[in-house]
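>>> Could you work out the structure for the sequence below:
(chains A and B)
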Amino acid sequence: MAWVIAAAVIAGLFLAIGIWSLLTARRYRRNLEAARQELKVSEDSYRYLFENAHDAIWLHDLEGNFITVNKATEKLTGYSQEELGRMNVKSFLSEESLELAQQIRKKLLNNEGVEQPYEQRIFRRDGSEAYMQLTTSLVSENGQPVSFHHIARDITEQKKMNESLRFYFKQAIKAQEEERKRISHELHDDTIQSLVVLSRQLDALATDDQVLSRENRDLLEDIWHRTESILQGLRRLSQDLRPAALDRLGLLPAVEMLASEVTKYASIITRVTLVGKEHRLPEEVAIALFRITQEALRNVWRHSGATRADITIDFTDTRTKITVNDNGKGFHVPEKMSDLARQDKLGLAGMHERAQLVGGTLTVQSQPDKGTMIIVEAPG
Amino acid sequence: MPKIKVLIADDHAVVREGTRQILEQEADIDVVAEAADGEEAVRLVVSARPDVAIIDIAMPGVDGIEATRQIKALYPSVAVLILSAYDDDQFVFSLLEAGAAGYLLKSVRGRELIEAVRQVHAGESVLHPSIARKVLNRFVPTPDKPQHQKPTDMLSEREIEVLRLATRGLSNQDIADELCLSLRTVQAHLGHIFNKLQVSSRTEAVVHALKQGWVTLEDIP
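Numbering: from 1, shown residues only, chains lettered A, B, ... in the order given. Model prediction:
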């Protein structure tokens, strides 16, 4: 009897297991189907993102042969996706760009850091140049590097616009300096000389006791004095517009003149130290360095609260470096020079731009309560 | 007594004319040449041999600074008096280095201009102490400069004393009083100093002393 019961229980158990398995398998199939479906949706949406991304995205193998490219890559290069599939990245790169690409490749393979994004220049199908800003990463499978993944943004227009802005800025600076020079010369050569003649005539009359009465001579004397003070004002104006010392004597005497003015009018003890052997610079470089020094001293005067400033002019055969160091209150320097304008440090931003226009560099070192040091260096 | 022969160089004809008129009223001054630029000035110094050359700085082509250098190189005995519209110290320094004996602004009063011509001609021009101080600051010896000459290599003790006092801005009479000498003796000492230093004026002698480091800040009031 007992075995009948045992058999029935076992049979029942098997039946239960059978039914449970059947149900589970069906559920599993259903789940698998759902997962497949989900994966497809997800893959589609990623593919959609990849295909329609505004940035060019592509994958190429370790030798540079394209594996996958998106539509934006077509637009960037001028080749169709199909054509690109048979091409190698090298065909877009100039020698210089190829060198950069190889450096990046090497660093990524060696697991070294690469500053991203970086800029690269390529040639399009029609031979025109395009600039892109791109990030590159290494793709590995089972710990083995297999390909490189790139995301690139076409910055050709932006680049052109920046270039034309810079060109425009340069022209504007040049025009401003030329205009200042012209007005300064006109004042010196015309207005001041005429006033000199007038002042001498007044002097001759005022000192001639044969013709005029004492009273009239006193009156002329007074007019002579007023003419003198007009002359002084004009000399000052002409100097401010364009210091004659810069053109006739060179950068060093012109900076010495600035220093003596700051010492005299702002009571900031300002000294100039010469390092190396002074030589004359191309006009464009001399005026840029002078204006930057002038602006640096203006900042010392207006904002720093400094009691002394030290200027060093260092001449080498190929470069000239000016350092302006003060003992004022200093400030927090932003990490990037481009953030200076945002911090309301437009003067410094302008000095930086001006240095760049003559192929030079500007460095600002400062900390609150630690003074400020401006270093400008330019070829010439 | 022979007249002081003067050359006037200025690219502005009216200013030149004005300078001539001021000087020609004086019986002891004779304007012998006028130049419109630096090159002509140098050429006329050679042909007209003036005693004093009155030179403007801003002239086309060869400017007053270069003209002064050339004139002093050709004829050290010609005294150069700068008459300029610039009033920066930097120009004064550069011109003194180039060998000018005096520096005046163009709008200077007529009488002062006449006096200055007579003074530079007599080697009498006095460098104002405040200018001397600035010139000295400019010539502070730097380590990489070659060793200076010693004053005793070139001048006698007495001559050095006279030169020191001249640097302080003292007139010949004041120097004579200070050293208990006659005016004549002082003039003779200065003449010897000029000869030995190969300069033609007091200003140049003083600049030379400053450049060589023979005079220190303590010597200048």
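>>> any idea which helix is longest in the chain?
In the absence of a named chain, this looks at chain A. In chain A, taking DSSP state H as the definition, the longest helix is helix A:2-52.
>>> Switch to chain B, please.
Longest helix in chain B, counting by DSSP H: helix B:183-197.
>>> what's the angle from the following helix or strand past that helix to helix B:183-197?
Counting by DSSP states H and E, the next helix or strand C-terminal to helix B:183-197 is helix B:202-211. Inter-element angle recorded for helix B:202-211 and helix B:183-197: 60 degrees (by axes from the mean of the first three to the mean of the last three Cα atoms, to 10 degrees).
>>> Could you tell me the average pLDDT over helix B:202-211, please?
Regarding helix B:202-211, the rounded mean pLDDT is 83.
>>> can you check stretch A:195-208 too?
Averaging pLDDT along stretch A:195-208 gives 91.
>>> do stretch B:117-137 as well
73.
>>> Neighbours of residue A:291, how many?
As a burial measure, residue A:291 scores 16 neighbours (other Cβ atoms under 10 Å in any protein chain shown). For the C-beta atoms, the positions are set from N, CA and C on the backbone; glycine is no exception.
>>> Likewise for the one 5 residues further on?
A total of 28 residues lie near residue A:296 under the criterion other Cβ under 10 Å.
>>> Give me the phi and psi angles of residue A:129.
In terms of degrees, to the nearest 10, the main-chain angles of residue A:129 are phi -90, psi 140.
>>> what's the spacing between residue B:83 and residue B:53?
Separation of residue B:83 from residue B:53 (Cβ to Cβ, to the nearest Å) stands at 10 Å.
>>> between those two, which one's more packed in?
Higher neighbour count among residue B:83 and residue B:53: residue B:53, with 31 against 25, using other Cβ under 10 Å.
>>> Give me the pLDDT for the more buried one.
Reading off the model, residue B:53 has pLDDT 96.
>>> Mind telling me which residue of chain B is nearest chain A?
Closest to chain A within chain B is residue B:90: 4.1 Å, counting by Cβ to the nearest Cβ.
>>> Doesn't that residue belong to a strand?
No - with DSSP: H, G, I helix; E, B strand; the rest coil as the criterion, residue B:90 is assigned helix and is not in a strand.
>>> can you pull out the helices in chain B?
B:13-24, B:38-48, B:64-74, B:89-98, B:110-121, B:129-138, B:151-154, B:157-167, B:172-179, B:183-197, B:202-211.
>>> so the first one versus helix B:110-121, what angle?
Relative orientation of helix B:13-24 with respect to helix B:110-121: 70 degrees, computed using the same axes, to 10 degrees.
>>> Just the CA atoms of helix B:13-24, as CSV, please.
The C-alpha coordinates for helix B:13-24 follow below in CSV (Å, rounded to 0.1, in the frame of the first residue of the first chain):
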residue,chain,number,x,y,z
ALA,B,13,61.3,128.6,-41.8
VAL,B,14,59.3,131.0,-39.6
VAL,B,15,60.9,129.7,-36.4
ARG,B,16,64.4,129.9,-38.0
GLU,B,17,63.6,133.5,-39.1
GLY,B,18,62.5,134.3,-35.6
THR,B,19,65.6,132.9,-34.1
ARG,B,20,67.7,134.9,-36.6
GLN,B,21,65.9,138.1,-35.8
ILE,B,22,66.4,137.7,-32.0
LEU,B,23,70.1,137.0,-32.4
GLU,B,24,70.9,139.6,-35.1
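>>> Tell me which residues of it come out buried.
Buried residues in helix B:13-24, counted by 16 or more other Cβ atoms under 10 Å in any protein chain shown: B:15, B:16, B:18, B:19, B:22, B:23.
>>> what's in contact with that helix?
Applying Cβ atoms under 8 Å, 6 or more residues apart in numbering or on different chains, the contact partners of helix B:13-24 are A:193-194, A:196-197, A:200-201, A:204, B:6, B:8-10, B:29, B:31, B:34, B:36, B:54, B:56, B:83, B:106, B:110, B:113-114, B:117.
>>> which ones are touching the most centrally placed residue in chain B?
Nearest to the mean C-alpha position of chain B, counting by Cα atoms, centre = their mean, stands residue B:101 at 0.6 Å. Shown in contact with residue B:101 (Cβ under 8 Å, 6+ apart): B:79, B:80, B:81, B:120, B:123, B:125, B:200, B:201, B:202, B:203, B:204.
>>> Just the buried residues of those.
For the contacts of residue B:101, a burial check counting by 16+ other Cβ under 10 Å picks out B:79, B:80, B:81, B:120, B:123, B:125, B:200, B:201, B:202, B:203, B:204.
>>> Identify the residues contacting the second one.
With contact set as Cβ under 8 Å, 6+ apart, residue B:80 has these partners: B:52-53, B:55, B:68, B:71-72, B:95, B:98-102, B:120.
>>> With adjacent residues omitted, what lies nearest to it?
Setting aside the residues directly before and after it, residue B:80 is nearest to residue B:100 in space (Cβ to Cβ, 6 or more residues apart in numbering or on different chains), at 4.5 Å.
>>> so the one you found makes contact with residue B:81?
Yes - contact criterion Cβ atoms under 8 Å: residue B:100 and residue B:81 qualify, at 7.1 Å.
>>> Now the common contact residues for the two.
Residues touching both residue B:100 and residue B:81 (Cβ under 8 Å, 6+ apart): residue B:55.
>>> what stretches of chain A score poorly on pLDDT?
Across chain A, the ranges flagged by pLDDT under 70 are A:1.
>>> Just want the residue of the stretch 151-300 of chain A that's nearest chain B.
residue A:253 (4.1 Å).
>>> Counting neighbours, what do you get for that residue?
22.
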